[in-house]
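> just coords:
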């Protein structure tokens, strides 16, 4: 263990562990750092020559996760590291010996993650880690999608909206941005499949991509109704438990409404990951321009959402 300097230990007489510090302590214990660092290592620059040495891989990964957990930009996370002792402890920075990595270093690491589609790789690695620790995917899948808003203003340098984002109507309200589509295990509520599209892509078009193929039951709202052919191809043994959809000339009967309410008791579980995404991690608006960068952000966020939902079970494992 390295001895901390006086700037790290401080002279405070009274201290209290804050909610942020407890959260970071828990996540420090449940994140499989070695496995995730191994995914990134082939793409991370190795120290060569007498020039400036790159910041440690795990340290940059910790900063990258802070950005997701606390909705921080590149300059925002640099400032947060100087402002928050809990964040510095989590990353392993002692300001008495070294500065925090600057926003340019953080930006380069993020671009490396986006260029090599490493958000999706982290999502797969976390899924494998959870399965090895007893959180296996069951035979039921719940599918759903949520809109992530993008700026619709044209008051920018190019005088145009993001061409890769599109608008869609939900009810009587119009939205502009992208969609995050997820397939959730009906037993554990863990996300096992993710897809990202522009907002005008209909939910049903991604149904096949959200199934792992071994399902015996599939739940979804009425947007996924009438997809028996897709279900048969993607999950041959799956029974269709998507909600029935009425029409102007053929409204739902009371029996159909009752069945839909029964299905909703299971389907509602998909809202838990979305709650964490939008209310805990605050991913309600896209952070970058273009679909590829934001898709990488969504994949990495879904990996962290799974770890967040599984944290109590992981912390209770023997030897933790």
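Received it, and whenever you're ready, just let me know what you need. This one's a predicted model, so the numbers in the text were calculated from it and none came from an experiment.

> which parts of the one helix or strand residue 82 maps to are buried?
Assigned by DSSP states H and E, residue 82 belongs to helix 74-83. For helix 74-83, a neighbour-count test (16 or more other C-beta atoms under 10 Å) marks 74, 77-78, 80-81 as buried. C-beta here means a position set from N, CA and C on the backbone, and glycine is covered the same way.

> for the record, mean pLDDT for it?
The average pLDDT within helix 74-83 is 97.

> could you point out which element follows it?
The helix or strand immediately downstream of helix 74-83 is helix 85-91, counting by DSSP H and E.

> now for the helix or strand following that next one, which elements pack on it?
Next helix or strand after helix 85-91 toward the C-terminus (DSSP H and E): helix 103-115. If you count contacts as 3 or more C-beta pairs under 8 Å, 6 or more residues apart in numbering; DSSP states H and E, helix 103-115 packs onto helix 57-70, helix 74-83, helix 291-309.

> so the first one versus helix 291-309, what angle?
Between helix 57-70 and helix 291-309, the angle comes out at 90 degrees (axes from the mean of the first three to the mean of the last three C-alpha atoms, to 10 degrees).

> quick check: mean pLDDT of helix 57-70?
Rounded mean pLDDT across helix 57-70 is 98.

> the longest one now?
Predicted confidence along helix 291-309 averages 98 (mean pLDDT).

> show me what that helix is packed up against.
helix 19-30, helix 57-70, helix 103-115, helix 118-132, strand 173-185, strand 191-198, helix 271-275.

> burial measure for residue 173, as a count.
For residue 173, the count of nearby residues is 8 (other C-beta atoms under 10 Å).

> over to residue 125?
Neighbour tally, residue 125, other C-beta under 10 Å: 19.

> okay, now the closest residue to it other than its chain neighbours: neighbour count?
Distances taken as C-beta to C-beta, 6 or more residues apart in numbering place residue 39 nearest to residue 125, at 5.1 Å, with adjacent residues excluded. Around residue 39 there are 16 other residues, counting by other C-beta under 10 Å.

> okay, the buried residues of helix 74-83 in JSON lines with distance to residue 248 next?
JSON lines is the format used below for the buried residues of helix 74-83 (distance: C-beta to C-beta, whole Å):
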{"residue": "74", "distance to residue 248": "50"}
{"residue": "77", "distance to residue 248": "51"}
{"residue": "78", "distance to residue 248": "55"}
{"residue": "80", "distance to residue 248": "52"}
{"residue": "81", "distance to residue 248": "57"}
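
> of all the helices and strands packed on helix 291-309, which one is nearest residue 44?
helix 57-70 (5.0 Å; C-beta to C-beta).

> how far off helix 19-30 does that closest one point, in degrees?
Angle of helix 57-70 versus helix 19-30, following the same axes, to 10 degrees, is 130 degrees.

> for residue 129, which of the helices and strands packed on helix 103-115 is the nearest?
Of the helices and strands packed on helix 103-115, nearest to residue 129 by C-beta to C-beta is helix 291-309, at 8.5 Å.

> give me whichever of the helices and strands packed on helix 103-115 is most buried.
Highest mean neighbour count among the helices and strands packed on helix 103-115 (mean count of other C-beta atoms under 10 Å): helix 291-309, with a mean of 23.

> could I get the contacting residues of the closest residue to residue 78 other than its chain neighbours?
Closest residue to residue 78 apart from its sequence neighbours, by C-beta to C-beta, 6+ apart: residue 103 at 4.7 Å. Contacts for residue 103 (C-beta atoms under 8 Å, 6 or more residues apart in numbering) come out as 74-75, 77-78.

> nearest to residue 118, of these?
Using C-beta to C-beta, residue 74 comes nearest to residue 118 of those, at 16.8 Å.

> any idea how far the nearest residue to residue 237 once chain neighbours are set aside is from residue 181?
Spatial nearest neighbour of residue 237, chain neighbours left out: residue 216 (5.4 Å); criterion: C-beta to C-beta, 6+ apart. Relative to residue 181, residue 216 is positioned 21 Å away (C-beta to C-beta, to the nearest Å).

> which of these two has more residues huddled nearby?
Between residue 216 and residue 181, counting by other C-beta under 10 Å, residue 181 is the more crowded of the two (21 against 12).
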